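A.B. asks: Mind looking at a prediction? Sequence and model below.
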Protein chains: 2
Amino acid sequence: MNDGDMGAGPSARSKRADARRNQETLLDAAASVFVTSGVEAPVRDIAARAGVGVGTIYRHFPTRADLIIAVYRHQVEACAEAGPALLASSATPHAALSQWINLFVDFLVTKHGLAGVLRSDNTSFDTLHSYFIDRLLPVCAQLLDAAADAGEIRSGPKAYELMRGVGNLCIGAEHDPGYDARRLVELLIAGLRQPH
Amino acid sequence: MNDGDMGAGPSARSKRADARRNQETLLDAAASVFVTSGVEAPVRDIAARAGVGVGTIYRHFPTRADLIIAVYRHQVEACAEAGPALLASSATPHAALSQWINLFVDFLVTKHGLAGVLRSDNTSFDTLHSYFIDRLLPVCAQLLDAAADAGEIRSGPKAYELMRGVGNLCIGAEHDPGYDARRLVELLIAGLRQPH
DNA sequence: TAAGCAAACGGAACCAGGCTCCGGTAAATG
DNA sequence: CATTTACCGGAGCCTGGTTCCGTTTGCTTA
């Protein structure tokens, strides 16, 4: 993918040491700033926290979306991999779907502002949106199809629509004690059930 | 409420003619810019469209929220008044609730970006949020209570949570052909039904 | 070890958009 | 017509994103 390591043999040239170090530092700084100030924290704040100039951020992460993706990649991967596992271990496909959606919701609501930025109409977040869709939509579709095949759900929204709906319900869920995204998502999933 | 008299008796002085004219012009300009560029259009654009300076906007509408409220006030009022009417004319309270929610959704999705701005964490939109809540929440609560009394719905979210959820589902619904907010809202309302 | 070079760095500078402030304009009034 | 003052316009400030380029620094090679 890049010319760096990627196991292309022992002779592969590395990036300069300071570059790699900075990339690491930036990821840590961004993660910690995201926790305290949300994913929409000013770029300058992240640069300051990392002790680098803003130019360095843009060199490593051309758009803010790239930075966010890099910070959360592990967790998105984990969520994606949990899908098939849940399907294998759950009593019914609908139960698996429900549990998986819970994982997804937990991820979104604990990342201050992430759900909101996912739905921003700012075009610079398109790649973030695409990343989530590319990685998670197939998983969701698999669970949904399994539940449909089992006759547990009515013909309703396709996976894309469901995921967007769930994502939307998570927006602004962090700091409003009167709003519980999980409860509403449960309601939505309940509405999906076949009225036996 | 309309011409700035503050109800201090019939002798109350009117505003200057140019001020009243500008206020009217601004409302028209804002409405038309909102249609084409969304409710988050730059203030300067609205000023230009109205042929006034930005100072004039801020004098008449101290925050953008005030402007948005003024532009949509009639429609919000109509929506609020439709609640009791629907309750009186519908077969069941749940049907009335469902229809009323549909009105609300129609309103939100046809106002480019309005749902998104309702959920913005930008504090300057708090008054917009408050306005919607103050005006519409009691209506929603009345419908919800009626449906609960009739035993049609399970004990679920309170009116506030329901309205926020519905509002969230409407975010970004305008320009995504693969996403139909109405369908998801219907699912949500269906999930509210008492099982069997 | 030192020289040469490209990679990488930092932050000044530029742009966009929100909001304020104040000198100027003109509506109301006598 | 003169006076008052509400009201107007837009220059200008602020915040935050993004770019650009002179400087620094790690790596390579002699």
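C.D. replies: Yes, it's here. Residues are numbered from 1 along each chain as shown, chains lettered A, B, ... in the order given.

A.B. asks: now the helices: where do they sit in chain A?
C.D. replies: Here chain A has its helices, by DSSP state H, at A:17-37, A:43-50, A:54-60, A:64-89, A:93-110, A:114-118, A:126-149, A:159-169, A:181-192.

A.B. asks: Quickly check: the first one near DNA strand D or not.
C.D. replies: Yes. Where contact is defined by C-beta under 7 Å from any atom of the strand, part of helix A:17-37 touches DNA strand D, namely A:Ala17, A:Asp18. Yep, even glycine has a C-beta here, placed from its N, CA and C like the rest.

A.B. asks: Check whether that helix comes near chain B.
C.D. replies: No. Helix A:17-37 is not in contact with chain B by C-beta under 8 Å from any C-beta of the partner chain; minimum separation 11.4 Å.

A.B. asks: One more: the last one?
C.D. replies: Yes. Taking C-beta under 8 Å from any C-beta as the criterion, helix A:181-192 and chain B are in contact, through A:Arg183, A:Leu184, A:Glu186, A:Leu187, A:Leu188, A:Ile189, A:Ala190, A:Gly191, A:Leu192.

A.B. asks: Show me the one of the helices of chain A that comes nearest DNA strand C.
C.D. replies: helix A:54-60 (2.0 Å; C-beta to the nearest atom of the strand).

A.B. asks: Report the beta-bridge partners for A:Arg193.
C.D. replies: With DSSP bridges applied, A:Arg193 shows beta-bridge pairing to A:Ile153.

A.B. asks: That one: what's it in contact with?
C.D. replies: Contacts for A:Arg193 (C-beta atoms under 8 Å, 6 or more residues apart in numbering or on different chains) come out as A:His94, A:Glu152, A:Ile153, A:Arg154.

A.B. asks: Highest neighbour count among those?
C.D. replies: A:His94 (22 neighbours; other C-beta atoms under 10 Å in any protein chain shown).

A.B. asks: For the residue lying closest to that one once chain neighbours are set aside, give its distance to B:Leu118.
C.D. replies: Spatial nearest neighbour of A:His94, excluding adjacent residues (C-beta to C-beta, 6 or more residues apart in numbering or on different chains): A:Glu152 at 4.1 Å. Distance, A:Glu152 to B:Leu118, using C-beta to C-beta, to the nearest Å: 34 Å.

A.B. asks: Same check on A:Ser90?
C.D. replies: A:Ser90 is 36 Å from B:Leu118, by C-beta to C-beta.

A.B. asks: With neighbour numbers in mind, choose between those two.
C.D. replies: B:Leu118 (25 against 17).

A.B. asks: which residues sit in contact with that one?
C.D. replies: By C-beta under 8 Å, 6+ apart, the neighbours of B:Leu118 are B:Leu108, B:Phe125, B:Leu128, B:His129, B:Phe132, B:Gly167.

A.B. asks: Greatest separation within those: which pair is it?
C.D. replies: Comparing all pairs in these by C-beta to C-beta, the longest separation belongs to B:Leu108 and B:Phe125, at 14.4 Å.

A.B. asks: Which of these two has more residues huddled nearby?
C.D. replies: B:Leu108 (24 against 19).

A.B. asks: I figured the more buried one was touching B:Leu114, is that so?
C.D. replies: Yes. Counting by C-beta atoms under 8 Å, B:Leu114 is a contact partner of B:Leu108 at 5.8 Å.

A.B. asks: Tell me the buried residues in stretch A:65-83?
C.D. replies: Of all the residues in stretch A:65-83, those buried under the rule 16 or more other C-beta atoms under 10 Å in any protein chain shown are A:65-72, A:76, A:79-80, A:82-83.

A.B. asks: Could you export those residues as JSON lines, including distance to chain B and pLDDT?
C.D. replies: Below are those laid out as JSON lines (distance: C-beta to the nearest C-beta, whole Å; pLDDT from 0 to 100):
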{"residue": "A:Ala65", "distance to chain B": "16", "pLDDT": "95"}
{"residue": "A:Asp66", "distance to chain B": "22", "pLDDT": "96"}
{"residue": "A:Leu67", "distance to chain B": "20", "pLDDT": "97"}
{"residue": "A:Ile68", "distance to chain B": "17", "pLDDT": "97"}
{"residue": "A:Ile69", "distance to chain B": "20", "pLDDT": "97"}
{"residue": "A:Ala70", "distance to chain B": "24", "pLDDT": "97"}
{"residue": "A:Val71", "distance to chain B": "20", "pLDDT": "97"}
{"residue": "A:Tyr72", "distance to chain B": "19", "pLDDT": "97"}
{"residue": "A:Val76", "distance to chain B": "20", "pLDDT": "97"}
{"residue": "A:Cys79", "distance to chain B": "21", "pLDDT": "98"}
{"residue": "A:Ala80", "distance to chain B": "20", "pLDDT": "98"}
{"residue": "A:Ala82", "distance to chain B": "23", "pLDDT": "97"}
{"residue": "A:Gly83", "distance to chain B": "20", "pLDDT": "97"}
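
A.B. asks: Fine by me, we can end here.
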